[in-house]
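Novice: Dropping the sequence and predicted coords here.
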Amino acid sequence: MAQENFYTEVYPDIIEQWRFYLDLLELEEGDKVLDIGCNRGDTELFMVNSNPQIAKVVGIDIDELKLSDASKKVSTELEREKIEFQKMDACNLEFEDESFDKVICAETIEWIEEPQRVIQEVKRVLKPQGIAIIQHSDFDTQVFSTTKLSLTREIINKFTDSGPDGTIGRKLLGWCKRVAFKEIKPVIYSVINDSFKKNYYSYQVAQMMKEWLTSQQLIEEERLNEWLEYLQRIDEKGEFFYSINRNLVICRK
Ligand SMILES: C[S@@+](CC[C@H](N)C(=O)[O-])C[C@H]1O[C@@H](n2cnc3c(N)ncnc32)[C@H](O)[C@@H]1O
């Protein structure tokens, strides 16, 4: 959430994060890759432009409008040759068994009714020796430098507890263990910001939290605006700090 357009709007911290994820996927010459919950296609654009050696990346999503936006972004010959988008439900992947070398499912599983079924599907469509990454943030791990600690805690707790499953990140390892991959390894990637600026994740997520908590009538808009102003002031003093943990499980079949 709050990071889907990291490539077209250029979020340097999220580009760094995706570089880390793609290194873990060990993308090789001729790889066929599946991205589950591709949204508006920034992962696909970043993947083929930074790893032109792959044969193909197929991005699937349940939302037709997002896929239509994604298709419009594909512009170069390389992108046209190597990127494909398909409308599909992650719980029922319409692919043969063992059809992908690599699979990634990032920031998507929280939105799916049967998250454990997606992990089974990932294993089914992955080739033997293939690598999959199941990733989600644990929103309870957010840390903002603040002079208003109890308000900050209230905001993080209410945001985490009012989404579909704000602490899903910590459940992924147990679910992946159940699916019996040959090898699984949990990894934490921390996004760290020392600046509260528009094209950084902390800024985007703080705005998103404000919008969500206001729309759910969980915290008054005025208190949230005050909180954003405090963050701005801390940044102006050069003392801003933010971190969040991304939980990843690397699964080898
Ligand atoms: C928060 S976005 C994640 C985008 C991207 N993977 C990232 O890491 O930034 C979640 C995406 O999952 C998609 N989605 C939700 N339920 C789905 C389902 N059952 N099958 C496929 N995609 C789904 C949504 O439409 C949305 O585009």
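Specialist: Yep, that arrived.
Novice: wait, does the helix or strand where Asp23 lies make contact with the ligand?
Specialist: Counting by DSSP states H and E, the secondary-structure element that holds Asp23 is helix 12-25. No - interface with the ligand: helix 12-25 contributes nothing (C-beta under 6 Å from any ligand atom), its closest point being 8.1 Å away. All C-beta spots, glycine's among them, are computed from the backbone N, C-alpha and C.
Novice: could you give the angle of the very next helix or strand once past that helix to helix 12-25?
Specialist: Along the chain past helix 12-25, the next helix or strand (assigned with DSSP H and E) turns out to be strand 32-36. Note on geometry: by axes from the mean of the first three to the mean of the last three C-alpha atoms, to 10 degrees, strand 32-36 and helix 12-25 are set 130 degrees apart in direction.
Novice: Give the partner strands of strand 32-36 in its sheet and their orientations.
Specialist: Taking DSSP bridges as the criterion, strand 32-36 forms sheet pairs with strand 56-61 (parallel), strand 100-106 (parallel).
Novice: What backbone torsions are found at Pro96?
Specialist: Just so we're on the same page, residue 96 is Glu rather than Pro. With angles defined as degrees, to the nearest 10, Glu96 sits at phi -60, psi 160.
Novice: which residue packs closest to it, ignoring adjacent ones?
Specialist: For Glu96, the nearest residue in space outside its immediate sequence neighbours is Val125; the separation is 7.6 Å by C-beta to C-beta, 6 or more residues apart in numbering.
Novice: I'd say that neighbour and Ala90 touch.
Specialist: No - between Val125 and Ala90 no contact is recorded; they are 10.8 Å apart, counting by C-beta atoms under 8 Å.
Novice: Who has more neighbours out of the two?
Specialist: Neighbour tally, Val125 and Ala90, criterion other C-beta atoms under 10 Å: the higher count belongs to Ala90, 23 against 20.
Novice: Would you check how far apart that one and Val143 are?
Specialist: With distances defined as C-beta to C-beta, to the nearest Å, the gap from Ala90 to Val143 amounts to 30 Å.
Novice: so can I have a markdown table of the strands paired with strand 32-36 showing distance to the ligand, mean neighbour count and mean pLDDT?
Specialist: Compiled in a markdown table, the strands paired with strand 32-36 are given as follows (distance: least, C-beta to the nearest ligand atom, whole Å; neighbours: other C-beta atoms under 10 Å; pLDDT from 0 to 100):
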| stretch | distance to the ligand | mean neighbour count | mean pLDDT |
| --- | --- | --- | --- |
| strand 56-61 | 5 | 23 | 98 |
| strand 100-106 | 3 | 25 | 98 |
